[in-house]
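K.L.:
I need the structure of the sequence given here:
(one chain, ligands or ions: 1)
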Amino acid sequence: MKKKEMQSPPPVDWENLCHRCGGCCFEKCIDDRGRIISTPVPCRFLDIITRQCRVYHKRFAVDEDCIQLTPEVVRSLEWLPEHCAYRTSEKDGD
Ligand code: SF4
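P.N.:
Coordinates of the predicted model:
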């Protein structure tokens, strides 16, 4: 997936929801039943010990597949982990 170029950055409070678990930074695949599966293969920029992005402040410049998780984008994604703070905050707001 490609970064949404026209998206405005999310508010700072939104970014603070993230638990920095790194769960979104592993390759995903789709199995033969159409289910989205997280693989053990991390993004090349993820520090798998700290679970922190090693290029966070320039991640969109160095990885064209990295996307900005705005509220609108989160609602449209099916591959974010169930435990992702952005997803759970959306459910809490229902
Ligand atoms: S899965 Fe969600 S909470 Fe975890 S690092 Fe990714 S965006 Fe943050």
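
K.L.:
identify each buried residue in the longest strand that the chain contains, please.
P.N.:
Longest among the strand segments of the chain by residue count, using DSSP state E, is strand 36-42. For strand 36-42, a neighbour-count test (16 or more other Cβ atoms under 10 Å) marks nothing as buried. Glycine gets a C-beta too; all of them are placed from N, C-alpha and C.

K.L.:
adjacent strands (with direction) for it?
P.N.:
strand 26-30 (antiparallel) (DSSP bridges).

K.L.:
separation between Thr88 and Ser38?
P.N.:
Using Cβ to Cβ, to the nearest Å, Thr88 is found at 17 Å from Ser38.

K.L.:
okay, the longest helix anywhere in the chain in CSV with CA atoms only?
P.N.:
In the chain, assigned by DSSP state H, the helix with the most residues is helix 85-92. Extracted as CSV, the C-alpha positions of helix 85-92 are listed here (Å, rounded to 0.1, in the frame of the first residue of the first chain):
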residue,chain,number,x,y,z
ALA,A,85,-4.6,1.2,19.9
TYR,A,86,-5.9,3.1,16.9
ARG,A,87,-8.4,0.3,16.2
THR,A,88,-9.5,-0.1,19.8
SER,A,89,-9.9,3.7,20.1
GLU,A,90,-12.3,3.6,17.1
LYS,A,91,-14.3,0.8,18.8
ASP,A,92,-14.4,2.7,22.1
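
K.L.:
report whether it contacts the ligand.
P.N.:
Yes - interface with the ligand: helix 85-92 contributes 85-86 (Cβ under 6 Å from any ligand atom).

K.L.:
stretch 22-42 too?
P.N.:
Yes - using Cβ under 6 Å from any ligand atom, stretch 22-42 reaches the ligand at 22-24.

K.L.:
for the residue nearest in space to the middle of the chain, helix, strand, or coil?
P.N.:
The centre of the chain sits closest to Cys24, judged by Cα atoms, centre = their mean, with a distance of 4.1 Å. At Cys24 the chain is in helix, as set by DSSP: H, G, I helix; E, B strand; the rest coil.

K.L.:
good, wrapping up.
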